[in-house]
Each structure stands twice: as structure tokens, then as C-alpha cells.
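Peer 1: Sequence and predicted structure are below.
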Amino acid sequence: MAHDAPQATGPSKLVIRNIGLILSGALEKPILDGDTIVAENGKITAIGRFKDLNTEGATTIVEANGTTVAPGLIDSHVHPVAGDWTPRQNQIGWIDSNLHGGVTTMISAGEVHLPGRPKDIVGLKALAITAQRAFDNFRPGGVKVLAGAPVVEKGMVESDFKELAEAGVGLLGEIGLGSVKGGTEAATMVKWARAHGIQSTIHTGGPSIPGSGLIDKDVVLEADADIIGHINGGHTALPEAHVCELCEKSSRAIEIVHNGNERIAIAAAKMALQLKCPHRVILGTDGPAGSGVQPLGILRMVALLSSLANIPAELVFCFATGNTARIRHLNCGLIEAGRDADFVFMDRAQHTAGRTLLESVQLGDIPGVGMVMIDGIVRCGRSRNTPPATEIPVVVGGH
Ligand SMILES: [Zn+2]
């Protein structure tokens, strides 16, 4: 089982040198010029050429060996319950396993798999606050899990949202998993949540778990939640024409998940590009679910969309990093000064047909992960889950 991750003690300075390629996470400039990243006390301070940067006094030096560094991946849609255990698949260590797939931040779309989950209003609020606190206090493998996402039920009033916000809850679970299924009542919940700074997601498509229902395009449009949750269905998708209509008529985030319909995933991504709004596309797994947990789910989505929707890999990585960070107001997900020093080091998998990391992804292969860092701390070395990377970074020094 994953243990509570070590925290940095005292001032730290990280220097990552000999980087082959820096993926920024930002669509407007997905590849950065440079071979070195410096971070101090868990935050990025400089990116550029080694000779131009102040690299003195490093407490950790990572020799990247020509590998690619990207922001740690963000899974925009997960269903955690208790620490690193998921009752849905009765599996322990699933979050740590995702760390080995390059994921450094996860966002809860509701702690819906808790056995006996309370559906009364005081109970659902208590669960959300407990989940927020628990994952804030305990980070499996070091992964940042933003949890405490209440599933809204009929009978909630605005003061409930005020109370949740004041208690530190910043997210709603997917609307549609509870008793709120109509567009008008969903819109009211979204409005109340927004008034108190709580971000909302709507379940899109057919029922996923018992008790959830169909949320069709008209309900999604009327609700106007911040995130069009799993636009490609979780698991059953709306008709392709309706999904395209949602992309066109809504200005909200287009969330595409691993556990949804892959054909519609490709259609939604293509539609977003056609509409010139790639900045709205964010990626999730929707795991754990009936399909299991997917430690490589985000990397698989990147490879799927790059290879089959024909989108350059450096742009698809932004869907899994900077886009999500911007839409969800997170300080990770981008390689720029001031951001969290959360990194995934990747290289082309051994024996891929692609000559470079980006080409291998565009050919549909997932990359090999060689190291993952969160807040400037090494959380894992060569991944136990990806195919082996051709080159991997190593810690070579520091004091
Ligand atoms: Zn979900």
C-alpha cells in the first residue's frame, strides 16, 4: 500500500539538466526552448539553457539524459473513496499506480462508491467535508487528490452550498448521479454552487451506476455546469450529433474520459478543434469504474486522441495538463515560473516504431515514464506500469 508521501524539510533547490524536450502544457506554446528547469521549495523558478541559469546550491540534481519533461498529468475525473483503496474494484494502491502512469493530480467527481453512501442532505455534506479533509491530509504516493465533491440531491437549498463552501468544499460531484436530473433544477444547483465559488460538473449521457439516469443534451445545455462531464459518456454516450451540438452551443469545458465511448471521444476532440476551442478540452479516466482502474488511462487517452483524431501529441498533452489547470484554477499543470514543480519524465518506449517521443505517441504508442516528481520531490523512478522508457533520468547529486 502507498504510504503517506514524504514532505520537503527545509529550503530546497532542484536542478533538472540535459532535458531533451520540454512540454509546457500551454496550447499557445506547447514546446519550450531550453534544457534545464530550476525549482525552489517546490515551485518552478526558471526554465532555459543550463549555461544561462543560476544552478548553484542545488539540493537535488536530476540528469534527464535527453528525456522529455512535461507537467505532471491531471486526471480531471476520478471517484476516490478512502485513501488508496477503492471499494468499486476492491483494490488497494490504485492512486499510487496512477502515479506510475504520470498522474500527479486527481479531481474527484464525487465519492459515489462509498458503501452505504448517505443521500440525506446533512449526510452528503458531512461526507463531502470528510473526503476533502481526508485527502488533504493524506496524499497516496504524494498524488494531490482534490476530493470532497458532494452529489447534489433534491431538497438542497442555497445555504447548503454556502455552508459547503465555507467548510472548504470547492467541487460538486457529477450532477445526475443523485436525484437531481431535470435541467431546471440542475441549473439552480449550478447557479447556487457558482455563487459560492464551487465548480460544477454534469454527468453527460446514459446511466453509469444504479440510481443515475440519462442526462441528455438539453439538460446539459440548460444546467450550464462548468464542466460537461464525460462528454463521451460514462459509459453510454449521447448520439454523435448531440455531442457535437454540445461542443458548439456550450462554452463550457469538454471533458473526455477513458471509460467512455472511444469513437465519440475522437469525434468530440475533432469537433473542438474544428470550432477552434481546443483550450476547452480536458481529460479524465472516470475510474475506478466498472471498467476497472486505469493506471495508464490518461496516457492512453493522449495516445488515442493524438493517433486517431490526428492531433499533434504536444497539443494533446496540454489537454491533460495546462487546460485542466486553467479551467480548474490549479497551480500545477504548466511549466512556468511560480507553478508547482510537478513533472513527469517520459521517453519513447523501447522498440516503438516512433523515432521520437512525440512521433511514438502520434503512432498510438504510450510513452515510457522514467520518473515522476511532485512539489519538487522524486515520487517514483522508472514506472512499474508503462512499457520501459528508452532513456530514464537519474538523480546525480545535490546536498
Ligand atoms: Zn464519473
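Peer 2: On my side now, so go ahead.

Peer 1: Please identify the residue of the stretch 101-250 of the chain positioned nearest to the ion.
Peer 2: Residue nearest to the ion within the stretch 101-250 of the chain: Ala109 (4.4 Å; Cβ to the ion). The C-beta positions use only the backbone N, C-alpha and C, and glycine is treated the same way.

Peer 1: wait, what's in contact with that residue?
Peer 2: Residues near Ala109 by Cβ atoms under 8 Å, 6 or more residues apart in numbering: His77, Val78, His79, Ala149, Leu171, Gly173, Glu174, Thr201, Gly229, Gly284, Asp286.

Peer 1: Look at it and report its pLDDT.
Peer 2: pLDDT for Ala109: 98.

Peer 1: that older thread, filter the contacts of Ala109 down to the ones close to the ion.
Peer 2: With Cβ under 5 Å from the ion as the criterion, the contacts of Ala109 include Asp286 near the ion.

Peer 1: among the contacts of Ala109, who's most crowded?
Peer 2: Counting neighbours by other Cβ atoms under 10 Å, Gly229 comes out on top of the contacts of Ala109 with 32 neighbours.

Peer 1: Okay, and the beta partners of that one?
Peer 2: In this entry, Gly229 is beta-bridged to His203, by DSSP bridges.

Peer 1: Is it correct that it is in contact with Ser208?
Peer 2: No: Gly229 is beyond contact range of Ser208, at 10.2 Å (criterion: Cβ atoms under 8 Å).

Peer 1: The residue of the stretch 151-300 of the chain found nearest the ion and Leu330, how far apart?
Peer 2: At 4.4 Å from the ion, Asp286 is the closest residue in the stretch 151-300 of the chain, using Cβ to the ion. Asp286 is 19 Å from Leu330, where distance means Cβ to Cβ, to the nearest Å.

Peer 1: for Gly197, what are its contacts?
Peer 2: Gly197 sits next to Ala165, Gly170 when contact means Cβ under 8 Å, 6+ apart.

Peer 1: I'd like to know which elements the longest helix along the chain is packed against.
Peer 2: When every helix of the chain is counted residue by residue (DSSP state H), the longest turns out to be helix 121-137. Helices and strands touching helix 121-137, as assessed by 3 or more Cβ pairs under 8 Å, 6 or more residues apart in numbering; DSSP states H and E, comprise helix 158-166.

Peer 1: sorry, back to before: so which of the contacts of Ala109 sit within strands?
Peer 2: Using DSSP state E, His77, Val78, Thr201, Gly229, Gly284 are the members of these that sit in strands.

Peer 1: check contacts around the fourth one.
Peer 2: For Gly229, the residues meeting the contact criterion (Cβ under 8 Å, 6+ apart) are His77, Ala109, Glu174, Thr201, Ile202, His203, Thr204, Glu255.

Peer 1: Next: the third one.
Peer 2: Contact analysis of Thr201 by Cβ under 8 Å, 6+ apart lists 77, 109, 149, 171-175, 225-227, 229, 255.

Peer 1: Walking through the stretch 251-399 of the chain, point out its helices one by one.
Peer 2: Using DSSP state H, counting those that start in this stretch, the helices of the stretch 251-399 of the chain run over residues 262-274, 297-308, 313-319, 322-327, 357-362.

Peer 1: Can you lay out these as a markdown table showing mean pLDDT?
Peer 2: Output for these, formatted as a markdown table (pLDDT from 0 to 100):
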| stretch | mean pLDDT |
| --- | --- |
| helix 262-274 | 98 |
| helix 297-308 | 98 |
| helix 313-319 | 98 |
| helix 322-327 | 98 |
| helix 357-362 | 98 |
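
Peer 1: now, of those, which is deepest in the fold?
Peer 2: With neighbours taken as mean count of other Cβ atoms under 10 Å, those reach their highest mean count in helix 313-319, at a mean of 26.

Peer 1: Quick one: residues in contact with it.
Peer 2: With Cβ under 8 Å, 6+ apart as the criterion, helix 313-319 contacts 23-27, 30-31, 70, 256, 269, 278, 281-283, 301-302, 305-306, 357-359, 361-362.

Peer 1: try 6 Å this time
Peer 2: For helix 313-319, contacts defined as Cβ atoms under 6 Å, 6 or more residues apart in numbering pick out 23, 25, 27, 30-31, 70, 281, 283, 302, 305-306, 358, 361-362.

Peer 1: Close to the ion: what parts of the stretch 151-300 of the chain are there?
Peer 2: Going by Cβ under 5 Å from the ion, the residues of the stretch 151-300 of the chain near the ion are Gly234, Asp286.

Peer 1: Which helix or strand contains Leu221?
Peer 2: Leu221 is part of helix 217-223, with elements assigned from DSSP states H and E.

Peer 1: Tell me the buried residues in that helix?
Peer 2: For helix 217-223, a neighbour-count test (16 or more other Cβ atoms under 10 Å) marks Lys217, Val219, Val220, Leu221, Ala223 as buried.

Peer 1: As JSON lines, the residues you listed with pLDDT would be great.
Peer 2: Below are the buried residues of helix 217-223 laid out as JSON lines (pLDDT from 0 to 100):
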{"residue": "Lys217", "pLDDT": "96"}
{"residue": "Val219", "pLDDT": "96"}
{"residue": "Val220", "pLDDT": "97"}
{"residue": "Leu221", "pLDDT": "97"}
{"residue": "Ala223", "pLDDT": "97"}
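
Peer 1: Report whether the expected contact of Ile92 with Gly83 is present.
Peer 2: No: using Cβ atoms under 6 Å, Ile92 makes no contact with Gly83, being 8.6 Å away.

Peer 1: what about the two, which has more around it?
Peer 2: Neighbour count, other Cβ under 10 Å: between Ile92 and Gly83, Gly83 has more, with 18 against 15.

Peer 1: quick one: low-confidence parts of the stretch 1-150 of the chain?
Peer 2: Across the stretch 1-150 of the chain, the ranges flagged by pLDDT under 70 are 1-8.

Peer 1: That one: helices as residue ranges?
Peer 2: For the stretch 1-150 of the chain, the helices defined by DSSP H, counting those that start in this stretch occupy 94-99, 121-137.
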